[in-house]
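K.L.:
sequence isn't available, so here's the structure alone:
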């Protein structure tokens, strides 16, 4: 598949607004997590068009002084255009952050003590009208019930707490307001809460988790994203359920299956329990009760062969160290999300496998070889305050998905190099992937077998009939008609009937096969590119002979 260049909105915004060539890899990872959660948190639809909720992000990032923590919140705040509340413990820090944003041409207001009544009115007016979407404040101001109420009515999407170690160190001594920020997290429940600090050992991180995140373990950005102990692979398939069942049967456990929606992980768990006849398969998502989550976390933490189907909510759950396999049922929204979720494996360093399943339904190839997704349509510019036009939230989501889909559908470049290059990391050596191991599939392996049978039996069978023939199902109807002698009978022996029907639907979606719409072959299958002979009316033949 042709690889094409595309403009990365994160990089272009970094260059145009902040005057930097590109974020560093760690900045990129944090920014990606924030953007994913902010831009996709609104209600969406899953494959069955039922309403679903995307998961919230609770994240702590520990970066050394000088590593650019400010960009980690400023860039997604500007790019998303959503209401952002940034909390700083010192007036000097608030002033410095406002000065920097003013220099970048980004409008911002500060809420602090000592403001005149007219300044406060002007600030609230600009927020409530949507002219400004960034608020810089301190913990003491957020102790005011009226301020908290009015900000809450505006529904903040992004809460940033800088120098988060002060929540623990100062909140337990002379500034109790620092420890009270956790109340806002619970009251506002914003899609994203980002804690930034340069100094947070295990004890401080534990106290931050307790005081800021109300005891819920946050996602942590602490180490190198390259995980040499994980081997990466991609499974192209026409049936997602068949590929998932095959991987779960054969790959080492404990095993975790990541799905995009709550309904998808619940349905996958039920399907696997039925087909594998096992009770050691369960599902986990943010819609469960706290008691249910604790029970599942305890079960999976102690399990040596358990299978957990989960949304990204598990990424902020128990740190299980011996996960041997991670399976993604579909490409996630970005490379960064994939690295974080697959990175749940092999925390003990003993090795693991990360598999990504994709079907033709996941991608559509259009003119010029550009991969396009079925995400939200582009909307208005994210920020009207910046001096340059910024990509809309829809454009940001689409561009980030394209980078993930390029990784998904390529079979000629090292998987690890593609993943790390997306973060701006130069990688030359591969510690293990299906491409470097000469094991990568360029297309679904079952596709050739199905197309051959369709070609051999052109316009002879409908979907259900062909599915039974492909799996070699000897029903009374087939025995009576002698169809067990059909060329290609049993080509997909061992498949489930519903999986073959799903595969045929995928081929039809991809434009490889078609249903005839003319009698007497109506609803029978044929190859899409197979030439169809059109009958010439008898009157036309007689006319040609007469004029010849």
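P.N.:
All right, it came through fine. Only a predicted model underlies this, so the values are computations on that prediction, with no experimental measurement involved.
K.L.:
hey, which helix or strand in this protein has the poorest pLDDT?
P.N.:
strand 370-372 (a mean of 37; mean pLDDT, DSSP states H and E).
K.L.:
which helix or strand lies directly C-terminal to that strand?
P.N.:
Per DSSP states H and E, the first helix or strand lying C-terminal to strand 370-372 is helix 393-409.
K.L.:
counting contacts, what elements does the helix or strand just after that following helix pack onto?
P.N.:
Using DSSP H and E, the helix or strand that follows helix 393-409 towards the C-terminus is helix 415-422. Counting contacts by 3 or more Cβ pairs under 8 Å, 6 or more residues apart in numbering; DSSP states H and E, helix 415-422 packs against strand 230-236, helix 335-342, helix 393-409. Just so you know, the C-beta spots here come from the backbone N, C-alpha and C atoms, and that holds for glycine as well.
K.L.:
Serialize those to a markdown table and add fields for distance to residue 519, mean pLDDT and mean neighbour count.
P.N.:
Below are the helices and strands packed on helix 415-422 laid out as a markdown table (distance: least, Cβ to Cβ, whole Å; pLDDT from 0 to 100; neighbours: other Cβ atoms under 10 Å):
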| stretch | distance to residue 519 | mean pLDDT | mean neighbour count |
| --- | --- | --- | --- |
| strand 230-236 | 36 | 96 | 22 |
| helix 335-342 | 48 | 82 | 23 |
| helix 393-409 | 39 | 80 | 22 |
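K.L.:
can you put those in CSV and add distance to residue 516?
P.N.:
As requested, those are exported to CSV (distance: least, Cβ to Cβ, whole Å):
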stretch, distance to residue 516
strand 230-236, 27
helix 335-342, 40
helix 393-409, 30
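K.L.:
so which of those is nearest residue 354?
P.N.:
Residue 354 lies closest to helix 335-342 among the helices and strands packed on helix 415-422, at 3.9 Å (Cβ to Cβ).
K.L.:
strands paired with the next helix or strand along the chain from that closest one, and their directions?
P.N.:
On the C-terminal side of helix 335-342, the closest following helix or strand by DSSP H and E is strand 352-358. Take DSSP bridges as the rule and strand 352-358 pairs in its sheet with strand 230-236 (parallel), strand 325-328 (parallel).
K.L.:
could I get the ones you listed as CSV with distance to residue 18?
P.N.:
Listed next are the strands paired with strand 352-358 as CSV, based on distance: least, Cβ to Cβ, whole Å:
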stretch, distance to residue 18
strand 230-236, 32
strand 325-328, 32
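K.L.:
how about these, which one is nearest residue 432?
P.N.:
Residue 432 lies closest, by Cβ to Cβ, to one member of the strands paired with strand 352-358: strand 230-236, at 3.6 Å.
K.L.:
where's residue 193, which helix or strand?
P.N.:
Going by DSSP H and E, residue 193 is part of strand 192-197.
K.L.:
between whichever helix or strand comes after that strand and strand 192-197, how many degrees?
P.N.:
Note on strand 192-197: by DSSP H and E, the next helix or strand toward the C-terminus is helix 202-211. Orientation of helix 202-211 against strand 192-197 (axes from the mean of the first three to the mean of the last three Cα atoms, to 10 degrees) gives an angle of 150 degrees.
K.L.:
mind giving me the packing neighbours of the following helix or strand past helix 202-211?
P.N.:
As assigned by DSSP H and E, the chain's next helix or strand after helix 202-211 is strand 219-221. Strand 219-221 sits against helix 25-40, strand 57-62, with contacts defined as 3+ Cβ pairs under 8 Å, 6+ apart.
K.L.:
which helices and strands does the following helix or strand past the shortest one pack with?
P.N.:
Next in sequence after strand 57-62, counting helices and strands by DSSP H and E, comes helix 69-80. On a contact count with 3+ Cβ pairs under 8 Å, 6+ apart, helix 69-80 meets helix 9-16, helix 25-40, strand 84-87, helix 91-103, strand 158-161, strand 192-197, helix 393-409.
K.L.:
distance between helix 69-80 and the chain's centre?
P.N.:
20 Å (Cα atoms, centre = their mean, to the nearest Å).
K.L.:
if we can go back for a sec, can you tell which of the helices and strands packed on strand 219-221 is closest to residue 412?
P.N.:
helix 25-40 (24.2 Å).
K.L.:
remind me which residues of the stretch 151-300 of the chain are low pLDDT?
P.N.:
165-178, 198-204, 222-225 (pLDDT under 70).
K.L.:
kindly recompute the last result at 50.
P.N.:
By pLDDT under 50, the low-scoring segments of the stretch 151-300 of the chain are 172-174.
K.L.:
what of the stretch 301-450 of the chain?
P.N.:
Using pLDDT under 50, the stretch 301-450 of the chain drops low at 316, 365-387.
K.L.:
out of the strands paired with strand 352-358, which is closest to residue 158?
P.N.:
Short answer: strand 325-328, nearest of those by Cβ to Cβ, at 26.2 Å.
K.L.:
CSV for the helices and strands packed on strand 219-221, including mean pLDDT and distance to residue 511?
P.N.:
Converted to CSV, the helices and strands packed on strand 219-221 look like this (pLDDT from 0 to 100; distance: least, Cβ to Cβ, whole Å):
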stretch, mean pLDDT, distance to residue 511
helix 25-40, 88, 29
strand 57-62, 88, 38
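K.L.:
that older thread, counting by contacts, list what the strand holding residue 193 packs against.
P.N.:
Strand 192-197 is packed against helix 25-40, strand 57-62, helix 69-80, strand 158-161, helix 202-211, with contacts defined by 3+ Cβ pairs under 8 Å, 6+ apart.
K.L.:
mind doing that once more with 7 Å?
P.N.:
helix 25-40, strand 57-62, helix 69-80, strand 158-161 (3 or more Cβ pairs under 7 Å, 6 or more residues apart in numbering; DSSP states H and E).
K.L.:
and it, how far out from the chain's middle?
P.N.:
The mean C-alpha position of strand 192-197 is separated from the chain mean by 20 Å, Cα atoms, centre = their mean.
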